[in-house]
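Asks: Have a look at this prediction, sequence included:
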Amino acid sequence: MKRLLVATGALALVVLAVLGYRAMTRPVHEYQPPGRLVTYTVGGIDHRSIDVDRDGTVHNGAVTLRLPPPELAALRHDLDRIGTWCRPPAEPSHPDEMYYSLTYRGKLGSCRSVPGDWKPAVDRLDRLMRRSAEIKPRS
C-alpha cells in the first residue's frame, strides 16, 4: 500500500511538471487579425505599439507607411528566427514596469526584457516606430 501511494505521488508530480512546462511554453493566446504580420508593443511608462500587415503596411497610431519589399523580407527573416515565447509573472512589481510584447503567426510573447532571439526583429521594429513617428498624420 505504501509503495502504491509513493508511486501515485511520483506520477502526479511528473504529470504536474509536464503540464506546467506546457503552460509556460504555450502562447498566451493564438489570435491575430487576418492580414496582420506582426504586432509589437512596449509597455510601461513609455507605452508604444506598432502593427505591420503581411503586405508591408505599417500602422503606428494615425500614421501609415508602406515597407519596400526588401525591408519587409528582412523583417520576416528576423521574425522567423524567434523561438522564445515567454510570459511575465502575473503581478508587476510596480505600475510602470517595462514589458515587451510580440505577436507573430498567432503566437503572443510578453517578456520583461528583450530575449536574444527577439533582438534583430525588435531593433528593426523600433526603427520603424521612430521613422513613422516622424511622419505627420494626414488630416
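Replies: Alright, I've got the coordinates. Since the model is a prediction, treat every value here as computed from it, not as a measurement.

Asks: Could you measure from residue 67 over to residue 55?
Replies: Taking Cβ to Cβ, to the nearest Å as the measure, residue 67 and residue 55 are separated by 9 Å. All C-beta atoms are positioned from the backbone trio N, CA, C, and that covers glycine.

Asks: Between the two, tell me which one has more neighbours.
Replies: The neighbour comparison of residue 67 against residue 55 (other Cβ atoms under 10 Å) goes to residue 67, with 19 against 10.

Asks: Hmm, residue 73 and the more buried one touching each other?
Replies: No: taking contacts as Cβ atoms under 8 Å, residue 67 lies outside contact range of residue 73: 9.2 Å.

Asks: OK, contacts around the residue positioned nearest the centre of the chain?
Replies: Residue closest to the mean C-alpha point of the chain, counted by Cα atoms, centre = their mean, is residue 102 at 2.0 Å. Taking Cβ atoms under 8 Å, 6 or more residues apart in numbering as the definition of contact, the neighbours of residue 102 are 38, 39, 40, 41, 82, 108, 109, 110, 118, 121, 122.
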